[in-house]
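> No letters, just coordinates:
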């Protein structure tokens, strides 16, 4: 019987009986590729058999009280910032996906972590599908990684060979760089296709769970910043990490967006140098080190990233526009959030910003998305518009509502302590912050509305 022709999206795996210029699920353009109807059926059957064979056999459901629980001994990767992002280290049997822009430092980070883990006595496999073993060795020499006998390099893309060797040797850690280069020889599709990525990740995850073997997969990203491959890939792994940063800035942020063994939205901060990545244990100090003194348009925001308090400099520039529609340029924060704050400032405080160009930036090339930054962004915009500097050695925190009210934020005590530790003398915050930050000696000034807060900031 002649097989029918279908079309499959290379980004999300959506299937259609007819070709479309744009995928109706993920919205990607020109991503539907022709496939044979028999191919996905065969691949789905193989995928089902593999998962069924690897799944632990159970007689039936268990009561929660009967399920045994033991403390997990996490694998220390020798890098405190990486361990923090993972929730304290790698859990045996976990599958971790690390994604980031090309050249951001993913391979460098994992090679340094592999070297540290191997130096502690673990047998570590670094499987490279994009480079030769000699190229990886050159990077190891450049970054000062020790040539440990426990660190094994393998230039391999055949998934079956990798799984056979891993089950036989039982290493302590396997790093696959990258999942897009792996292929299962019994599938008809090409390496990097949706079905290959999905199947390879499923088989690696099954082996990791069955043998209590931690694995880290490197993933490519699309031009929009999302992880390349099917959307289901992020659901198949236990932890998803994004390695972020600007090419022209030295700082890199490792951000946790999913973690079944720890809290999400944790971050680890690194600095890229000529000898690889070095940890930044105090990122607040690093981000504020070059901050100008008494400069209009500059405000220090007291943020929280996961369980870590962080101080960042918000820079704003407001100037008269000669365009019919003023420009809005935003870097490091949410564009729509800044537009909302501009509207609130004009409506609730009387600042005439409708004919002004507005530029907002977070110094250091990092990205932050917390609502508690609202008040700092608004203060920086008002400071630039009035050409008047905010009080020196002062930090700002608070969420701004559409009515111009200032709402409380989480963990005010940690934010206040971090501001005090960095030498700040004053903290502008929502009402009720003093009662929750009793252990801090910093002066806290409270306000209920944006109008009141701007009066305090510039008084």
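On my side now, so go ahead. These numbers were taken from a predicted model, which means no experiment stands behind them.
> residues in contact with the closest residue to residue 387 other than its chain neighbours?
Excluding the flanking residues, the one nearest residue 387 by Cβ to Cβ, 6 or more residues apart in numbering is residue 296, at 5.0 Å. Every C-beta, even on glycine, is put in place using the N, C-alpha and C of the backbone. If a contact means Cβ atoms under 8 Å, 6 or more residues apart in numbering, then residue 296 has 383-384, 386-389 as its contacts.
> Can you tell me which of those residues are buried?
Those of the contacts of residue 296 that meet the buried threshold are 383-384, 389, by 16 or more other Cβ atoms under 10 Å.
> Show me the shaky parts of this protein.
The chain contains residues with pLDDT under 70 at 1-3, 11, 36-58, 224, 228-230.
> ok, and what's touching stretch 421-430?
By Cβ under 8 Å, 6+ apart, stretch 421-430 touches 284-285, 288, 300, 302, 311, 375, 379, 391, 393-399, 406-409, 412, 415-416, 419, 433, 442-448, 453, 456-457.
> Report the buried members of those residues.
284, 288, 300, 302, 311, 375, 379, 394-399, 406, 408-409, 412, 415-416, 419, 433, 442, 444-447, 453, 457.
> Inside strands: which ones of the residues you listed?
300, 302, 311, 394-396, 399, 406, 444-447 (DSSP state E).
> buried ones in the strand or helix carrying residue 344?
According to DSSP states H and E, residue 344 maps onto helix 335-349. Residues of helix 335-349 classed as buried by neighbour count (16+ other Cβ under 10 Å): 337-338, 340-342, 344-345, 348-349.
> Stretch 159-171 too?
Across stretch 159-171, burial judged by 16+ other Cβ under 10 Å covers 159, 162-163, 165-166, 171.
> Next: stretch 255-264.
255-256, 258-259, 261-262.
> what's the closest of the ones in strands among the buried ones among the contacts of stretch 421-430 to residue 120?
residue 311 (33.4 Å; Cβ to Cβ).
> how about the nearest residue to that closest one, chain neighbours excluded?
Among residues not flanking residue 311 along the chain, residue 284 sits closest, at 3.9 Å (Cβ to Cβ, 6+ apart).
> isn't that neighbour right up against residue 305?
No: contact criterion Cβ atoms under 8 Å: residue 284 and residue 305 do not qualify, at 10.7 Å.
> picking that back up, report the two of the buried residues of stretch 255-264 separated the most.
Farthest pair in these (Cβ to Cβ) is 255 and 261. Separation: 16.3 Å.
> Quick one: name whatever helix or strand follows the helix or strand containing residue 168.
Assigned by DSSP H and E, residue 168 falls within helix 159-169. Next along the chain after helix 159-169, taking DSSP H and E as the criterion, comes strand 173-177.
> Helices of the stretch 51-200 of the chain, residue ranges please.
For the stretch 51-200 of the chain, the helices defined by DSSP state H, counting those that start in this stretch occupy 80-86, 106-119, 133-142, 159-169, 194-211.
> Any idea how many residues pack against the spatially closest residue to residue 17 that is not a sequence neighbour?
Take residue 17 and drop its neighbours on the chain: the residue closest to it by Cβ to Cβ, 6+ apart is residue 6, 6.1 Å away. As a burial measure, residue 6 scores 18 neighbours (other Cβ atoms under 10 Å).
> After the host helix or strand of residue 6, which helix or strand is next?
Assigned by DSSP H and E, residue 6 belongs to strand 5-9. Sequence order places strand 15-16 as the next helix or strand after strand 5-9, per DSSP H and E.
> partners of that following strand in the sheet?
strand 5-9 (antiparallel) (DSSP bridges).
> what sits up against the partner strand?
Contacts for strand 5-9 (Cβ under 8 Å, 6+ apart): 14-20, 23, 25-26, 28, 31-37, 40, 194-195.
> redo that, cut-off 6 Å
By Cβ atoms under 6 Å, 6 or more residues apart in numbering, the residues outside strand 5-9 that reach it are 15-16, 19, 23, 31-35, 37.
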